[in-house]
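**Student:** Build the 3D model from these lines:
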Amino acid sequence: MPMKVIRDLGCFVRSLWGSWSLSLMDRYIATQLINPLLFSVGLVSVLGVAIGYLSDLADKVVDSNLPLIQASEILLLKVPEFTAYALPISVMLSTLLTYGRLSSDSELIAFRGCGVSLYRLIIPAVVMSLLVTGVTFLVSELVVPAANYRATGILVEYLQEEHPYWQNKDIFYPDYEQVVLPNGEKEKQLKHLFFAEKFDGQNLKNLTVLEWLENRLNRIVVSDSATWNGQEETWDFFNGTLYKLAPDASYKEADPFEHRQLPLSKAAFEFALQGRDPYEMNIIQASQYMRILKMMGDDKKLRTFQVRIQQKLAFPFICVVFGVIGSSLGSTPQNMSRATGFGLSVVIIFAYYLLGFLIGSLGLMGLISPVLAGWLPNILGLVMGGYLLYRFAES
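**Tutor:** Below is the predicted model of the structure:
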């Protein structure tokens, strides 16, 4: 690599990570970026909600009699999700249009004529991308999961919609324990098996619990409802019967009760409580749920959550990828109209998300690791952006 490129890259890194004051050029480019960024966030968010959800919600109001108030609430709850998607797209649009205008007005030529390299010129765009990355992460973690969970809850409550991750009916949870075999090896053995017909968010309805002791069925608990007692760290069972079994699996004793406390594992209640779609959980909640899935031995769902967590971590950094690509393409010597810039942005964004979908699918199928499934699109995007930046900087 030529020494000039190495020197310019060194300047680029020092300017990003070192202590530097904003120059007049930085302030000027930053002000040019802010307005199209804010406009793009609003426009893309509104279009996303309108195109992606408004029509489906209208059908639910008309065909399924979803109350208009609840439909309006769902629509508002979906705004944060589409805003999170709009932020990276807006970075692409704002950088491409801003640097395209600076190039068409020969302002970039003037800056470069004064000895300012293209690497230095895109630093305001990279800094803005990093700031938007932080905002995207906060919105995606603190706002979007809770809003999506509430929106799904409304649909479940009013329309009784089925959702594969929601544990509101036919809840099945096997509780395992690690035992040491006589030969010293460890083996996972079934200890309890929970089955409930419904879960209302606090109580498990029509709950049946089977308990094994030393590889034989020891007792069965059948109750109308049960819940976890957090103060006493035990289960409260109501209106049921406890059946004790003999070694030959025949009934030895039946003990009816109105209320009984049993010291069983809390994991079944946590499983029912935390059962959500990955996009309805933040990273901490998803990590806790993964521990439950690991104990259950549900490898397929566990891999799904592993891939989704990596994608959630990698998603905000799309802003940096789009910032580098957008500013690099916008800096081309050819004049670029707003229509051309918008069309080019749409093509790049579509291609990028398609690539992310394909790579994510490979991760879900187990062909590549979850880390690679989440971060490979960003890596490829940065490589592409770096190549474009180098090419245009040397042209």
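**Student:** what residues are up against the residue nearest the centre of the chain?
**Tutor:** For the chain, the residue nearest the mean C-alpha position is Lys312 (3.9 Å; CA atoms, centre = their mean). Listed by CB atoms under 8 Å, 6 or more residues apart in numbering, the contact partners of Lys312 are Ser140, Glu141, Pro278, Ile283, Ala286, Gly374. (Glycine included, C-beta is placed from N, CA and C.)
**Student:** Please name the residues that touch the last one.
**Tutor:** By that I understand Gly374. Per CB under 8 Å, 6+ apart, neighbours of Gly374: Val307, Ile309, Gln310, Gln311, Lys312, Leu313, Ala314, Gly360, Gly363.
**Student:** part of a helix, is Arg120?
**Tutor:** Yes - according to DSSP: H, G, I helix; E, B strand; the rest coil, Arg120 belongs to a helix.
**Student:** Tell me, how many residues neighbour it?
**Tutor:** Arg120 has 19 neighbouring residues, counting by other CB atoms under 10 Å.
**Student:** Show the pLDDT at it.
**Tutor:** On pLDDT, Arg120 comes in at 85.
**Student:** if I look at it, how far off is Leu389?
**Tutor:** Arg120 sits 11 Å away from Leu389, going by CB to CB, to the nearest Å.
**Student:** Once you drop chain neighbours, what's closest to Val324?
**Tutor:** Closest residue to Val324 apart from its sequence neighbours, by CB to CB, 6 or more residues apart in numbering: Gly385 at 3.5 Å.
**Student:** Correction: the previous question concerned Leu372.
**Tutor:** Spatial nearest neighbour of Leu372, excluding adjacent residues (CB to CB, 6+ apart): Gly363 at 6.9 Å.
**Student:** How is the one you found assigned, secondary-structure-wise?
**Tutor:** Assignment for Gly363 (three-state DSSP): helix.
**Student:** Domain boundaries for this structure, per the record?
**Tutor:** The chain is divided into the following domains under automatic domain parsing: 3-161+310-393, 169-272.
**Student:** Mind putting these into a markdown table with distance to Asp299?
**Tutor:** Shown next, in a markdown table, are the domains of the chain (distance: least, CB to CB, whole Å):
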| stretch | distance to Asp299 |
| --- | --- |
| domain 3-161+310-393 | 9 |
| domain 169-272 | 13 |
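**Student:** Can you say which of the ones you listed is nearest to Arg291?
**Tutor:** domain 169-272 (8.9 Å; CB to CB).
**Student:** can you give me how far the closest one is from the chain middle?
**Tutor:** Mean C-alpha position of domain 169-272 versus that of the full chain (CA atoms, centre = their mean, to the nearest Å) differs by 33 Å.
**Student:** pLDDT below threshold where in the stretch 201-350 of the chain?
**Tutor:** 249, 273-275, 295-296, 333-341 (pLDDT under 70).
**Student:** for it, what spans make up the strands?
**Tutor:** Per DSSP state E, counting those that start in this stretch, the stretch 201-350 of the chain carries strands over the ranges 204-213, 216-229, 234-245, 251-262.
**Student:** between these, which one is nearest to Val180?
**Tutor:** Of those, the one closest to Val180 (CB to CB) turns out to be strand 204-213, at 16.2 Å.
**Student:** Just checking: what are the partner strands of the closest one?
**Tutor:** strand 186-199 (antiparallel), strand 216-229 (antiparallel) (DSSP bridges).
**Student:** winner for burial among those?
**Tutor:** A comparison of those by mean neighbour count, using mean count of other CB atoms under 10 Å, puts strand 216-229 on top with a mean of 18.
**Student:** Regarding this protein, what is its longest helix?
**Tutor:** helix 68-104 (DSSP state H).
**Student:** Gly385: what's it in contact with?
**Tutor:** Taking CB under 8 Å, 6+ apart, we find Gly385 in contact with Val321, Val324, Ile325, Ser328.
**Student:** taking those residues one by one, which sit in helices?
**Tutor:** Cross-referencing those against helices under DSSP H gives Val321, Val324, Ile325, Ser328.
**Student:** The first one and Asp63, how far apart?
**Tutor:** Using CB to CB, one obtains 40 Å as the distance from Val321 to Asp63.
**Student:** Compare those two and say which one has the larger neighbour count.
**Tutor:** The neighbour count for Val321 versus Asp63, taken as other CB under 10 Å, is higher for Val321 (26 against 8).
**Student:** ok now do that one, which residues does it touch?
**Tutor:** Counted by CB under 8 Å, 6+ apart, Val321 has contacts Pro88, Tyr352, Asn378, Gly381, Leu382, Gly385.
**Student:** Also Glu197?
**Tutor:** Glu197 makes contact with Lys169, Asp170, Ile171, Lys205, Asn206, according to CB under 8 Å, 6+ apart.
**Student:** Can you tell me the element Ile29 falls in?
**Tutor:** helix 24-49 (DSSP states H and E).
**Student:** Would you mark the buried spots in that helix?
**Tutor:** Neighbour counts over helix 24-49 (16 or more other CB atoms under 10 Å) mark 25-26, 29-30, 32-33, 36-37, 40-41, 44-45, 48-49 as buried.
**Student:** a markdown table for the residues you listed, including pLDDT and distance to Arg101?
**Tutor:** Shown next, in a markdown table, are the buried residues of helix 24-49 (pLDDT from 0 to 100; distance: CB to CB, whole Å):
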| residue | pLDDT | distance to Arg101 |
| --- | --- | --- |
| Met25 | 83 | 15 |
| Asp26 | 82 | 17 |
| Ile29 | 87 | 11 |
| Ala30 | 87 | 14 |
| Gln32 | 90 | 7 |
| Leu33 | 91 | 11 |
| Pro36 | 90 | 9 |
| Leu37 | 92 | 14 |
| Ser40 | 90 | 14 |
| Val41 | 92 | 19 |
| Val44 | 89 | 19 |
| Ser45 | 89 | 23 |
| Gly48 | 86 | 25 |
| Val49 | 85 | 29 |
